[in-house]
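# just coords:
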């Protein structure tokens, strides 16, 4: 039965209580669900109900049928992927956003929604130390994208069309000639770049190449320079490159300063100039996870070379306490985005837009409608203050150090795989003896990870580096404390020891049989 | 100061009270804000606060600085664009979603989130009368996209790559030949299709042509047939067409049955077959607004011909009481989407995904992360039941009829422009005398709309049909009643009369001076 206002008030209080109780008791939830694929279909009817149902029934179904199938991203035992912090301020921001339920595609659709977004993005740009060119008072500015994936699609489309429109408008090329240019466009990432850049290239229908990284999984300038030159010699047109601050697999930071210089037009061969008349490579910085750490001055040296970048993105919804989704994208020049993405039919025109007085964010994104996402970001920034946000980042970094200190007590069982960065630790399980088939480090690492997650006590994820499996651990929840990290280490050590013992026993049995 | 659990409980109750009070008193808010561009920058500091601020201060700023800059989409005086209904169930769904804050890009990331989405989409497909091929138990299925814009991008990329991959894999074409095919791909809409299809074509880097509509602004089969044949004769490759149920400007419904037949491969010339080896045109149905009405059986005849469609999209977040965003997309065959959009690096692989046991919705969308949006849709469907949802639709349609009945009392001032459909009415202001310069219908219509919106009493939007301006009115809010529609008519009549009188006076003065 649809809720009326007073019934909502009662049910809303209940919801608030449930949220508060959920967090008070978050550790009671197994971080990973034990349901089997298809579990929910067996529990729910095949058709929507014809008649209204009571909220008591619906809420009970939420408790009994939905909750058992959840993975608890806010659990302090969640160490998988990258974090997706929630906060009470984020939840309150989304509550007020939901109350207003505005669709702020242009300024008129809700002036406050557009203007607060611009202000919050300026605040954050200054807080993380971006150069002034990324602020809204010049040619650049910021916009909230759903995720870092949409951010890279948006800027790649802008970069692609900047080249193609130049071919059309400046060089007077025919559509067929433009198509041949499009076919030769190539975007780059490294072999560590998040798959979203490759996916953006698929969507933009351009070539993509992943470039090799150095021993620390960093993309270096000389690699870019050599590969770009090589591709140009082959007749391709390099137009886009994603450099990463904090790669997914190991938290590596690409050498942005070196790469930026390599991408500058004056470093490139004359062939390039002939092809696209001086347009240089669009350098996008993907700092989806690690960008949050830049609010701490001691990390801002990682921005060295950012003045070469055309765009920069990081997710407040990852490590900065803002409920999903809230990915902050800045560009130095908004014109290529607007040129590529602006269509304003009569039913979307406004006097303010026509007069060029306002920002219409529909022209900075893929879709049209958009939520009032800056509200939750604003609530979080103000309630924590820059100091509070830094404390949150530093706490996770401290916990990661603590985890690694604990790991050092098991030098025969576990080994750090890559230089630790931010709050991410990558490690593997060591083979007790060299070169026994079936008891190699890769097999042990895979099986240990499976056993850890099957335990349901903690949730970790696997990655591959140079085709070898490694386990990633990153404190994810705002609620995580030392004791959770200590428990995680206990679980890891227990599972690794069990796997090693079992594999050795199996090998022993085989040897005995043989 | 970051809120702790008990402080959140208190502030959460307050937020619930504010939401309840907002809706109890929704009419007290001027539907359109009076702020000037840049108003907020003057009210907020240039930098993020260094120290935490108290929630009292933050909440007061929300009241005093944000609220005055809002456009109130839930106001019963909001008759602009298309509606964006909120509901208490929608708000509660987002509250629980925000509590869990899961990022359900694959099944493992929250089994319940993925499975509930599949179930809710099956429910809704059956409720609106889609053919069984769109259900999840065969090759097809449904997915929640942010908006209808992302939906059309996703299916257009799928359709584009279906053709291009066929060229590569089946025909063994070189990348250069594939590029020449890509350059000849053409997507279609009508001159009434929402701009999102054109924008999708820009993003996909394919040609787009808008086809002419008939006198009722409907796209007809014979037009498609003739234009497609003509383009093929010119060497282009038609691959995608959006047909609309309920166009933005006038609510027109394209002749899907005629179009579907025209798009079928057996109707197309042999040239087509040579070019793309039998791949036919992807027919996408955009029912963003009007799709909601299909829950009423008396509207389901509009689906005639839908068996020819490859994809179908409508927004629960428009007219079906589900808070933004929640756009429902169904495809008959999920394979082209997954082929185009699936990339699964090591850090995203799961045992269940590898085994093909589960749906990983990351492969059905542009981005990676995704919210638990099916929760609010499920709450709404269950709390209202199909009956309650139908009542909501029928109420708005009744109110639109009432509005038109009122308009009929002013035959010398106002005229319906297009055959009324759904809850949309399109009208213009009539010139009192024929052919007086400056007192023509177009000028009067534009100026009346400006005056109406400047009054702040109601919010309407303008559109153009055959390059002439028309005013659109659509009841938007779940809270709208007869008296609001009656007041809207009073405002419209008053403003139109004032404008006509002033313009006539001006012309009179000119004539007198002359």
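Nice, thanks for sending it over. As the structure is a computational prediction, the values presented were derived from the model and not from experiment.
# could you chop chain A up by domain?
Recorded structural domains for chain A (assignment: automatic domain parsing) are A:130-339, A:381-513.
# lowest average pLDDT across these?
Per-stretch averages of pLDDT across the domains of chain A put domain A:130-339 at the bottom, with a mean of 91.
# what residues are up against the closest residue to residue A:358 other than its chain neighbours?
The shortest distance from residue A:358 to any residue that is not its chain neighbour, by C-beta to C-beta, 6 or more residues apart in numbering or on different chains, is 3.6 Å, and that residue is residue A:107. The C-beta positions use only the backbone N, C-alpha and C, and glycine is treated the same way. The neighbourhood of residue A:107, defined by C-beta atoms under 8 Å, 6 or more residues apart in numbering or on different chains, consists of A:114-115, A:350, A:352-353, A:358-360, B:37.
# the residues you listed in strands, which ones?
When strands are assigned by DSSP state E, not one member of the contacts of residue A:107 lies inside them.
# ok, of the residues you listed, which one's closest to residue A:101?
The shortest gap between residue A:101 and any of the contacts of residue A:107 belongs to residue A:114, at 15.8 Å (C-beta to C-beta).
# which ones are touching that closest one?
Taking C-beta under 8 Å, 6+ apart as the definition of contact, the neighbours of residue A:114 are A:104, A:106-107, A:358-361.
# can I get those in a markdown table including pLDDT and distance to residue A:373?
A markdown table is the format used below for the contacts of residue A:114 (pLDDT from 0 to 100; distance: C-beta to C-beta, whole Å):
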| residue | pLDDT | distance to residue A:373 |
| --- | --- | --- |
| A:104 | 91 | 9 |
| A:106 | 93 | 16 |
| A:107 | 94 | 16 |
| A:358 | 92 | 18 |
| A:359 | 93 | 15 |
| A:360 | 94 | 16 |
| A:361 | 96 | 10 |
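# please identify which pair of those residues lies farthest apart.
Taking every pair in the contacts of residue A:114 and measuring C-beta to C-beta, the maximum separation is 11.4 Å, between A:104 and A:358.
# mind listing what's buried along the biggest helix by length in chain A?
For chain A, the helix that runs over the most residues, judged by DSSP state H, is helix A:374-407. Of the residues in helix A:374-407, those buried by neighbour count under the rule 16 or more other C-beta atoms under 10 Å in any protein chain shown are A:374-386, A:388-390, A:392-393, A:395-397, A:399-400, A:403-404, A:406-407.
# bridging residues for residue A:426?
Under DSSP bridges, the beta-bridge partners of residue A:426 are residue A:472.
# give me the number of residues near it?
Other residues near residue A:426 come to 21 when the count uses other C-beta atoms under 10 Å in any protein chain shown.
# thinking again about what came up before, more neighbours, residue A:104 and residue A:358?
Set side by side, residue A:104 and residue A:358 show more neighbours around residue A:104, with 29 against 21, by other C-beta under 10 Å.
# how about the more buried one, nearest residue that isn't a chain neighbour?
Among residues not flanking residue A:104 along the chain, residue A:113 sits closest, at 3.7 Å (C-beta to C-beta, 6+ apart).
# now the residue sitting nearest the centre point of chain A. Its backbone dihedrals?
When chain A is reduced to its mean C-alpha position, the closest residue under C-alpha atoms, centre = their mean turns out to be residue A:288, at 4.1 Å. As for residue A:288, its main-chain torsions (degrees, to the nearest 10) stand at phi -50, psi -50.
# what about whatever residue of the stretch 201-350 of chain A ends up closest to chain B, how many neighbours?
Using C-beta to the nearest C-beta, the point where the stretch 201-350 of chain A gets nearest to chain B is residue A:346, with a distance of 3.8 Å. As a burial measure, residue A:346 scores 16 neighbours (other C-beta under 10 Å).
# and it, what does it touch?
The neighbourhood of residue A:346, defined by C-beta under 8 Å, 6+ apart, consists of B:249, B:462-464, B:469.
# filter those residues down to the ones close to chain A.
Checking the contacts of residue A:346 against chain A by C-beta under 8 Å from any C-beta of the partner chain, the ones in range are B:249, B:462-464, B:469.
# narrow these to those in strands?
Helix and strand membership here follows DSSP E; of the ones next to chain A among the contacts of residue A:346, those in strands are B:462-464, B:469.
# packing partners of the longest helix of chain A?
Under the contact definition 3 or more C-beta pairs under 8 Å, 6 or more residues apart in numbering or on different chains; DSSP states H and E, helix A:374-407 sits against helix A:88-100, helix A:111-128, helix A:316-319, strand A:414-416, strand A:425-429, helix A:482-513, helix B:55-61.
# deepest-packed of the domains of chain A, please.
Per-residue neighbour counts averaged over each of those give the maximum for domain A:130-339, namely a mean of 22 (mean count of other C-beta atoms under 10 Å in any protein chain shown).
# close to chain B, is it?
Yes: using C-beta under 8 Å from any C-beta, domain A:130-339 reaches chain B at A:146-150, A:153, A:157, A:160-161, A:164, A:175-176, A:178-180, A:182-183, A:194-196, A:198-199, A:202-205, A:248-249, A:317, A:323-325.
# so residue A:208, which of the three states?
The assignment at residue A:208 comes out as strand when based on DSSP: H, G, I helix; E, B strand; the rest coil.
# residue A:90 is in contact with residue A:376, isn't it?
Yes: the pair residue A:90 and residue A:376 qualifies as a contact (C-beta atoms under 8 Å) at a distance of 4.6 Å.
# pull up the overlap in contacts between the two.
Here residue A:90 and residue A:376 share the contacting residues A:322-323, scored by C-beta under 8 Å, 6+ apart.
# ok so, going back, tabulate the ones in strands among the ones next to chain A among the contacts of residue A:346 (CSV), appending distance to residue A:341.
Compiled in CSV, these are given as follows (distance: C-beta to C-beta, whole Å):
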residue, distance to residue A:341
B:462, 23
B:463, 21
B:464, 22
B:469, 26
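# the top strand by length along chain A: how far from the chain's middle?
Criterion DSSP E: the longest strand present in chain A is strand A:237-244. Counting by C-alpha atoms, centre = their mean, to the nearest Å, strand A:237-244 is centred 18 Å from the centre of its parent chain.
# what pairs with it, parallel or antiparallel?
The strands that strand A:237-244 pairs with in its sheet are strand A:185-190 (parallel), strand A:282-286 (parallel) (by DSSP bridges).
# dump these into TSV; add distance to residue B:423 as well.
Output for these, formatted as TSV (distance: least, C-beta to C-beta, whole Å):
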stretch	distance to residue B:423
strand A:185-190	45
strand A:282-286	43
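# hang on, residue A:32 packs against residue A:456?
Yes: proximity of residue A:32 to residue A:456 meets the contact threshold set by C-beta under 8 Å, at 5.1 Å.
# before we move on, back to that, now the longest helix of chain A and helix A:88-100, what's the angle there?
Angle of helix A:374-407 versus helix A:88-100, following axes from the mean of the first three to the mean of the last three C-alpha atoms, to 10 degrees, is 150 degrees.
# just checking, next helix/strand downstream of the longest strand of chain A?
Counting by DSSP states H and E, the next helix or strand C-terminal to strand A:237-244 is helix A:256-263.
# fine by me, we can end here.
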